[in-house]
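[1] what's the 3D shape of this:
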Amino acid sequence: MRMMEINIESILERIRDVSIGVVGDFCLDAYKFLDFSASETSIETGLPTKPVRDFRFSLGGAGNVAANLASLGVGRDSCEGGVYAIGVIGDDAYGREMELLMQKSGIDTRHLYVQPDLWDTHVYMKMYDGDEEVERFDFGLFNIQQEETRSKLIDALKMVTPTFDALIINQQLAKGLHTEEFRRELSDIIRQNPGTIFITDSRNYNCDFKGTIRKLNDKEAAALCFPGKDDVHLEKKETVNFMATELYSRWGKPVILTRGDCGCLVCTGEGIHEIPGLHITSRIDIVGAGDSMLAGLTAALAAGEYPHIAAMFGNFTAGVTVQKLRQTGTAVPEEIRSIGTDPDFRYNPEIAAAPRNADYLQKSDGSGDSEIEIIENPPFRNTDNPSRRYTHAIFDHDGTISVLRQGWEHVMESTMMEIILDKHFKTAGDKEYQRINGIVREFIEKTTGIQTLSQMRSLVQLVKECGYAERVRNEHEYKSIYNERLMEMVDERIRNFQSGEQNIADYTIKKAVDFLQMLRNRGLMLYLASGTDQSDVEREARLLGYSDMFNGGIYGAVGRVEHEPKKVVLQQIISDIQKKGKAEAAGSCNILTFGDGPVELRETRKRGGFAIGVASDEIRRHGFNQKKRERLVLAGAHLIIPDFSQMDILESYLFGGG
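    So this is what the prediction gives:
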C-alpha cells in the first residue's frame, strides 16, 4: 500500500466528531512489580514473602478498547459524540477503580451497571520479577449474569445504538457478558440498526453476530476454517488468504484477519488487501495490541474510511501501544502522527522465512540458477525510453562494498553489555546475563543500518530500563566509547592494507569495485551513503581507492540524530530528478539502491526506487549470509545478491540485453 492512500491528519480530525459504543467484557489489569531485596521469611508460614515495590491498574479487555478510543480523541469535538461503555462490573473495589479510570479517560459510564451478587469484576493480576511475568491471578471467572442485569443492558443498547456511528462487540470471557440469551437479543438489535457500523472481536462466538464486521487473529480464523486441525501453516500466504476469503463468503461482511508482526489481511467484496506489519526497533510488549488495533480500526471506519485504510490506521495504533512495556497502553494522536507519517514496513514475511522456496535468475548460458534471488520484479527494465532508465545508484558502504568494519556487531554487543551491566558485568548471574544479552542482540539486529548515534540514543533508554548503571551517560558519550573500540580494529586492518600485507580484495565484497566501474561506464550518478561518521567513511573509501567513483558524493553521519544520511541522499536525488525534468513519469523509479542493511532498502522502497539487498558474507567476502537475507527481504528488497561476482547477469537484468 502506498502511503499517499491514507491521510492520517484527516482521520484524526474526523474521529473527533463520531460516537462509538463498546459492549463487552470490561476488565482491569493489575500490575504488581516484585522486589525480592526486601523479602523475609514469614513467621506464620515459614515461606519467603514477595515484596511489591510498585502496584498500578490499567483498563483491560473492552475497557482497553474504550480507553484507546478516548485517547485517540473519539467524539472530542461533538456534544453528542464520545465513547460509551455498556457492560457490567461487580460491587467491589476493583469495579470502583475501573469506573474511576474510565471517567478520568472521558468514557461515558452511565451504562456500566453494577451487579451486586454473583459477579466479581474481572481482574488480571499480573506479577513481574524484573521484566519477567512470573504468574497471574484471574478474578471473575465464575460469574453468573442475572436476568435484571441482562434486561438493563439490552434496554440500554436498544436506546443508544441508533445514536452510535459504530458499536464494538467485545467478547473474551467464556463466562462473561455474552450469554446465549444476551447474544440472541443483541443480534436482534444489530438487525434493527442498519445505519450503525457493527464490528465484532470475539474469542468464542464469531459466528453468532451476523451482520457485523469481524476482526480476528489468524489462530482464531484457523479454528473456524480447519476445526480440530492443529498443524495449519499460518506462515503461508495462500493459507491466510484462503481463510480470509472463506470467512468473508460465510459472513458477507468485511473480515480483518490480524497476523501479529506480519500485519493483517482485509477481505471485502473487492478482494483481499494486504496491510504490511511495522518494523519496530524498540522493545515490545504485545499485551493489548489487539484492543488498540480494534479501536483504531473502528474509529477510522466510523469516520467514513474504507476497511483497508481503517486497518492501516489500526495498525499504527497497535504499533504505538506495543512499545509501551509492562502496561496495557493507549495511543494519542501525536504518537499516531509520529509512527504513521513515515512508517517502516515489514515486506514479504513468508518469503523471508523460507529461503528454500526462493526463485533465482537463470544463468546466461541456461545451465541453471544464478545466485541472484528475485523477490519482486523492478518497476521497469529493458526499455529504450530515456525516462524509464536507471540514472542514479546509491550504495551503502560497510558490508556492501567494504569489509573494513566486519565484526562491528560483536564490538557493539560487548560494549553495550559492559555499559548496561556496569559494575555487575562480571558478577551478574548467568540467567540475568543471558537475558540482557538477548535484549542487546535483538536490539542490534533491529537497528542494523541506522547511524551509530541513533543506536546510542536507544542505548541510553536500555541502560535506564535495566537499572544497573550508577550513572547514565548521553548518546554522544556512549558513541565515543564504542567508536574508540571499533577503530582499534579498523585501524589495525588499515595498517595491514597500507603495508602491503593485504590488498583491496581482502577488504571489499567480491567484484564490488568492478560493478561500480560498470555503472559509471553506463553513465549513472553514484552516491555513497553510510551511517558511519562522514570523516571516517570518506577516509576509508579513499584508502581503498574508489572514493572518486562516487561522482554524486559521499554522505555520512554528522553527529545529529535527525540527519539520516540515507534519507538525505534519496531526497536530494529525487529533488534533482524533478528539477531536471528527466523522469516526470518515472519519478524516483530511476534510482537503484544497493545495501546490506534495512534502512537504505526501506527508504528506497518508500520512494518507488529499486532496492537490491546485498546479503554478503563479510568474512569470506563472497556467498550468502542467510541471516542478512531474511533481514533484507523484510526491509523490502526486490532482489537479493550475495556479492557482485555474477555482475554480467545482474547488468543484463537491470539494463537489458539479455
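[2] Just give me the neighbour total for Arg56.
    Neighbour count of Arg56, defined by other Cβ atoms under 10 Å: 11. Where you see a C-beta, it was placed from the backbone N, CA and C, and this is true even at glycine.
[3] What sits closest to it if chain neighbours are left out?
    Counting by Cβ to Cβ, 6 or more residues apart in numbering, Tyr31 is the residue found nearest to Arg56 once chain neighbours are left out, at 5.3 Å.
[4] Let me know the average pLDDT across the host helix or strand of that neighbour.
    Using DSSP states H and E, Tyr31 falls within strand 26-34. Strand 26-34 comes out with an average pLDDT of 94.
[5] hmm, back to that, these two touch, right, the residue nearest to Arg56 and Tyr128?
    Yes. Counting by Cβ atoms under 8 Å, Tyr31 does reach Tyr128; the two are 6.9 Å apart.
[6] okay, these two: which has more neighbours?
    Legend: neighbour count by other Cβ under 10 Å for Tyr31 and Tyr128, higher for Tyr31 (20 against 17).
[7] so who does that one touch?
    With contact set as Cβ atoms under 8 Å, 6 or more residues apart in numbering, Tyr31 has these partners: 54-58, 126, 128, 326-327.
[8] Mind doing that once more with 7 Å?
    Contact analysis of Tyr31 by Cβ atoms under 7 Å, 6 or more residues apart in numbering lists 56, 126, 128, 326-327.
[9] Tell me if I am right that Glu99 is in a strand.
    No. Using DSSP: H, G, I helix; E, B strand; the rest coil, the secondary structure at Glu99 is helix, not a strand.
[10] three-state assignment of Val114?
    Going by three-state DSSP: Val114 is strand.
[11] Just to check, Arg621 is in contact with Ile401?
    No. Applying Cβ atoms under 7 Å, one finds Arg621 not in contact with Ile401, separated by 10.7 Å.
[12] Grab the nearest non-local neighbour of Met102.
    Nearest residue to Met102 in three dimensions, chain neighbours excluded: Thr109, at 5.1 Å (Cβ to Cβ, 6+ apart).
[13] Which helix or strand contains the one you found?
    strand 107-115.
[14] Repeat that for Glu540.
    helix 534-544.
[15] what's the answer for Leu265, then?
    Here Leu265 is assigned to strand 264-268, by DSSP H and E.
[16] Pairing partners for the helix or strand that that strand is followed by, with directions?
    Per DSSP H and E, the first helix or strand lying C-terminal to strand 264-268 is strand 271-275. Using DSSP bridges, the strands paired with strand 271-275 in its sheet are strand 264-268 (antiparallel).
[17] By neighbour count, which bits of the strand it pairs with are buried? Give me those.
    264-268 (16 or more other Cβ atoms under 10 Å).
[18] ok, those vs Leu459, which is closest?
    Cys264 (32.0 Å; Cβ to Cβ).
[19] beta partners of the closest residue in space to the closest one that isn't next to it in sequence?
    Excluding its sequence neighbours, the residue lying closest to Cys264 (Cβ to Cβ, 6+ apart) is Thr258, at 4.5 Å. According to DSSP bridges, the partner residues bridging Thr258 are Asn217, Cys264.
[20] residues in contact with Thr258?
    Contacts here follow Cβ under 7 Å, 6+ apart; on that basis Thr258 touches 215, 217, 264, 290, 293.
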